[in-house]
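1. what's the 3D shape of this:
(3 chains)
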Amino acid sequence: MAEYILQTFGLTKQYGNYTAVNNVNMKIKKGDIYGFIGRNGAGKTTMIRMITGLVTPTKGEIELFSRKGEKNMNAGLNRIGSIIEHPALYPDFTGYENMELRGKLLGIPDKKMIGSILEVVGLNDIGKKKVKHFSLGMRQRLGLALALLGNPDFLVLDEPINGLDPEGIVEMRKLLKKLNEEQGITILISSHILGELSKMATRYGVINNGTLVEEFTDQELKLKCRKYLSLRVSDSARASMVLEDVFKTANYEVMPDNVILVYDLLNMSGEICLELAKNNVKIYSIESKGDDLEEYFMKLMGGGHYA
Amino acid sequence: MLWLIIIMLILVIGVLSAYILLYKREIRSIVNRLQFIREHDTNKKINLQIKVKEINELAIQLNHLINYYKTEKIAISKAEHKFKEEITNISHDLRTPLTSIAGYVQMLESENTPAEKKAEYYNIIRRRIDTLVKMLDEFFEFARIESDEYVLQFEKVNVNNVLADVISMFYYDFLSKCEEPSIQIPSNPIYIHADKDALKRVFQNLIKNYLNHGTRKISISAKEEENHVCISFKNYAPDIDNTDVEKLFQRFYTADKSRTKSSTGLGLAIVKNLITKMNGKIKAEVEDSILVISITFNRLEIFK
Amino acid sequence: MLNLLRSDFYKLKRSKTFLTCLGILALVVAYIIIDFSSSAYTKEQLSPSTFHWIYMLFQVPYFIPVCQALFITMLITNEYSTGTIKDSVSLGFSRMKIYLSKLITVSVGSILIMIVSIFSIGITSIFVFGIYGAFSMVDLLLLVRMFLIQALLYTAYGSIFLMIAFLIKNIGGTMAFSIFFILILGSIIGNSSWGRILLLMDFSPTSIPHPQAVDIGITTAVALSNLVICSGIGGFIFKKQDIK
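-> Got it, this is the predicted structure:
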């Protein structure tokens, strides 16, 4: 029985008549990198605020580290590091002083940890620069450093890639993967950038208009989005025989109307045609199909204008 | 005036008791946290509420210890995982020739098999058994070398001689491969501080590796530089890229993914182990499809 | 809880508004005395003892509360505008403890303001007028008693500003309301009995060496109840608040 870091039961948040989050049952397993996807205003940030104790749910329960209830929630929050919306920094302090202040709040005994964490996120040389002069990328890094200072078991990151240059995005991805693999930190990332998310997430949750539309693992996603050859033939029974005898594959599906979807042999469409012809099977059409990630997510989010 | 002094005393006692209570509370919270760390899989470390130098130092040391404990745990679980993998590899390597032998024995038992075929089958079985024995020998040899019981005997070794000896050992193998090795050994002797047998074994394994997997010519050279002695083995290897090169010296790694050739994948691992035991360095690189394995030793100074 | 206090004190120490208030108050107070000294008429009239100056300080209603309003507003509303209020909440500290820690910090800040202004007045008056009047132990104790009562009053005042700041989270609104509260309401209702109870105006009855027991009683009761009520309301509001 896998351990769930976070589980929500019927989590709902209403502001007057407006329902921001509607009956969400989210599950995040220990060791996951959970990609949280949704349009602007779909309820991502509200969910994250509820998980981190900033906003009280109207209905429903949150189970953190397998414990429910307010006192346990506070104890659990102690094990969470988060960046919510924008990194919350003191503009008149330097980066190091921001870290020092957080260190005081957490009760970190060893000041040297500050230096080593700043190095890990790539902020070794910031000297006396006040945070108000920081670039957006530096702020994100400092936010991550602050979140890591408490040795968290669970990182909750709201759009952490926002504002980073391409190099920074790659570095952040590598860093997060490293933290996940080496220190076993579970990570929840909400982001718009599907491409980046798909490179590191192990599980996805898609939210639309406050409802969690679907939750699936990375493997399931790849399965749903795999490419295939779609053939329209004259005799699908014969064609299946050819596929099994000559190409030794059973990885296909026979659809009505003599359509066969072949999930294997994607670059052998020419050979397939030849063999089918040899066996007197006519081919009316052959195409290479398959959703790419964006299309799949768009479908889940109901299509339309992606904000 | 008296009551003033009494008030002061009460204040002092109050402050001191507050201090003591804080200390006690802090120690209790450290104990709780340590218990929590032992019972759960967590990254949390000791955090403090009060600012006292001695307790601070205690917390820092405890955190170092906790870090050490965690890394050890991870290393152990990785080692366990690797061990299970290695057992799987060994059993796979042994299963193939054994299955083949079983098949031929079946054929021998059948009455339909003609006599000449039977003779052939007996030969094949014999060869397979030889292969098995050789494999097991390699496994045991490898285990022996890896263990602490294998002690090297260091002496002044003439590299040129050892190298030349080993190369001549494989004369017929080179002939049958139809590739003449290109050899560059200087005329003045090169001396290093090493174990003669181990060095021999290293060169043997490297040449065997080439014979099994390499194509075209092999180029073997020994050089003496300022402080080092460098021995290198170069051969054409189009199928190896730079990521594979890092794995060459890992145990049971063979570039042959289906493990059909009778190679255990231990040869190079043994080489690396022996070189390291002799305080040398070994490096593998691929450049322009040429695999270069270079061994470096410190020079042995000869005082005249 | 101690960690909360430590971090809040660090923020107070580094708060430019707080330090500026301290500085300006010290200077203003010193200036007033120097100004007094130059006017020969008042010098003749009053000739107060050194301690007397200190008592006078607390009879003027607006100096210290305005400074309080300033630094408390800045301290709290900055946390909301930079978003750093999220820090302590999302780390699992209970909301009551966070509020309490801010309350203690703000109270200590107010007391510091009082101490600094007392020192400033004391030292300046010594420079300007020399040491006047009797200097007995009893006088010192009476001064301490007044100080304690005034401290309670100003702490209560601080809790009001704190509550306002947590209620109206932006700097403009909070500042406006707080200043309105002191200056405008104060001057309207100031001297009536309503003013004394609700707004803690007119501290002067207690700002003398020998105040009447009744006055001490009323002042203490009003201050304490204000403190408790405002902290209660503020804490409750904060607890239920959704932090954006």
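2. OK, contacts around the spatially most central residue of chain B?
-> Centroid check for chain B by C-alpha atoms, centre = their mean gives B:Gln250 as the closest residue, at 5.4 Å. The contact partners of B:Gln250, by C-beta atoms under 8 Å, 6 or more residues apart in numbering or on different chains, come to B:Ala269. C-betas here are computed from N, CA, C, even on glycine.
3. now the host helix or strand of A:Leu144 - C-alpha only, PDB.
-> According to DSSP states H and E, A:Leu144 maps onto helix A:136-148. The C-alpha trace of helix A:136-148 is given here as PDB (Å, rounded to 0.1, in the frame of the first residue of the first chain):
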ATOM      1  CA  LEU A 136      12.800  37.500 -11.900                       C
ATOM      2  CA  GLY A 137      15.000  34.400 -12.400                       C
ATOM      3  CA  MET A 138      17.000  35.200  -9.300                       C
ATOM      4  CA  ARG A 139      13.900  35.700  -7.300                       C
ATOM      5  CA  GLN A 140      12.600  32.300  -8.300                       C
ATOM      6  CA  ARG A 141      15.900  30.700  -7.300                       C
ATOM      7  CA  LEU A 142      15.900  32.500  -4.000                       C
ATOM      8  CA  GLY A 143      12.300  31.400  -3.400                       C
ATOM      9  CA  LEU A 144      13.400  27.800  -4.000                       C
ATOM     10  CA  ALA A 145      16.400  28.200  -1.700                       C
ATOM     11  CA  LEU A 146      14.100  29.500   1.100                       C
ATOM     12  CA  ALA A 147      11.700  26.500   0.600                       C
ATOM     13  CA  LEU A 148      14.600  24.100   0.800                       C
END
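4. what packs against that helix?
-> strand A:80-83, helix A:95-106, helix A:112-121, strand A:154-158, helix A:166-182 (3 or more C-beta pairs under 8 Å, 6 or more residues apart in numbering or on different chains; DSSP states H and E).
5. hmm, try it at 7 Å
-> On a contact count with 3 or more C-beta pairs under 7 Å, 6 or more residues apart in numbering or on different chains; DSSP states H and E, helix A:136-148 meets strand A:80-83, helix A:95-106, helix A:112-121.
6. buried residues in that helix?
-> Of all the residues in helix A:136-148, those buried under the rule 16 or more other C-beta atoms under 10 Å in any protein chain shown are A:137-148.
7. between it and helix A:166-182, how many degrees?
-> Orientation check (axes from the mean of the first three to the mean of the last three C-alpha atoms, to 10 degrees): helix A:136-148 against helix A:166-182 gives 10 degrees.
8. kindly report the domain assignment for chain B.
-> Split into domains by automatic domain parsing, chain B comes to B:75-146, B:155-298.
9. highest mean neighbour count out of those domains?
-> Among the domains of chain B, domain B:155-298 has the highest mean neighbour count (mean count of other C-beta atoms under 10 Å in any protein chain shown), at a mean of 16.
10. which stretches of the stretch 201-307 of chain A have low pLDDT?
-> A:302-307 (pLDDT under 70).
11. redo that, cut-off 90
-> A:207-231, A:233-283, A:285-307 (pLDDT under 90).
12. mind jotting down where the helices sit in it?
-> A:218-224, A:236-245, A:269-278, A:293-300 (DSSP state H, counting those that start in this stretch).
13. CA atoms only: put the first one into CSV for me.
-> Right, helix A:218-224. In CSV, the C-alpha atoms belonging to helix A:218-224 read as follows (Å, rounded to 0.1, in the frame of the first residue of the first chain):
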residue,chain,number,x,y,z
ASP,A,218,3.2,9.4,-16.8
GLN,A,219,3.1,5.9,-18.2
GLU,A,220,-0.7,6.1,-18.7
LEU,A,221,-0.2,9.4,-20.5
LYS,A,222,2.4,8.0,-22.8
LEU,A,223,0.1,5.1,-23.5
LYS,A,224,-2.8,7.4,-24.3
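14. coming back round to it: wait, which of the domains of chain B is closest to A:Val246?
-> Each of these has some distance to A:Val246 by C-beta to C-beta; the shortest is domain B:155-298, at 22.6 Å.
15. quick one, longest helix in chain B?
-> For chain B, the longest helix by residue count, based on DSSP state H, is helix B:53-109.
16. state the mean pLDDT of that helix.
-> Average pLDDT, helix B:53-109: 87.
17. report whether that helix contacts chain C.
-> No - figure legend: helix B:53-109 not in contact with chain C (C-beta under 7 Å from any C-beta of the partner chain); closest approach 12.7 Å.
18. quick check: angle from that helix to helix A:112-121?
-> 50 degrees.
19. right, and the helix or strand after helix B:53-109?
-> Defined by DSSP H and E, the subsequent element after helix B:53-109 is helix B:115-146.
20. re the thing from before, ok, which of the helices of the stretch 201-307 of chain A comes nearest B:Phe174?
-> The nearest among the helices of the stretch 201-307 of chain A, by C-beta to C-beta, is helix A:269-278 at 41.7 Å.
21. which strands and helices sit next to the closest one?
-> Applying 3+ C-beta pairs under 7 Å, 6+ apart, we find helix A:269-278 packed against helix A:236-245, strand A:283-289.
22. what does the helix or strand bottoming out on mean pLDDT in chain B contact?
-> Using mean pLDDT, DSSP states H and E, helix B:242-247 stands out as the lowest-scoring helix or strand of chain B, at a mean of 74. Helix B:242-247 has contacts (C-beta atoms under 7 Å, 6 or more residues apart in numbering or on different chains) with B:253, B:255, B:284-286.
23. where does chain C dip in pLDDT?
-> Looking at chain C by pLDDT under 90, you get C:1, C:15-17, C:21-69, C:92, C:114-154, C:156-157, C:160, C:168-227, C:230, C:240-244.
24. need the residues of it near chain A, please.
-> C:3, C:6-7, C:10, C:82-84, C:86-92, C:94, C:242-243.
25. only whichever of those are buried, select them in ChimeraX.
-> The following ChimeraX line selects those of the residues of chain C next to chain A that are buried, judged by 16+ other C-beta under 10 Å:
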select /C:3,6,7,10,82,83,84,86,87,88,89,90,91,92,94,243
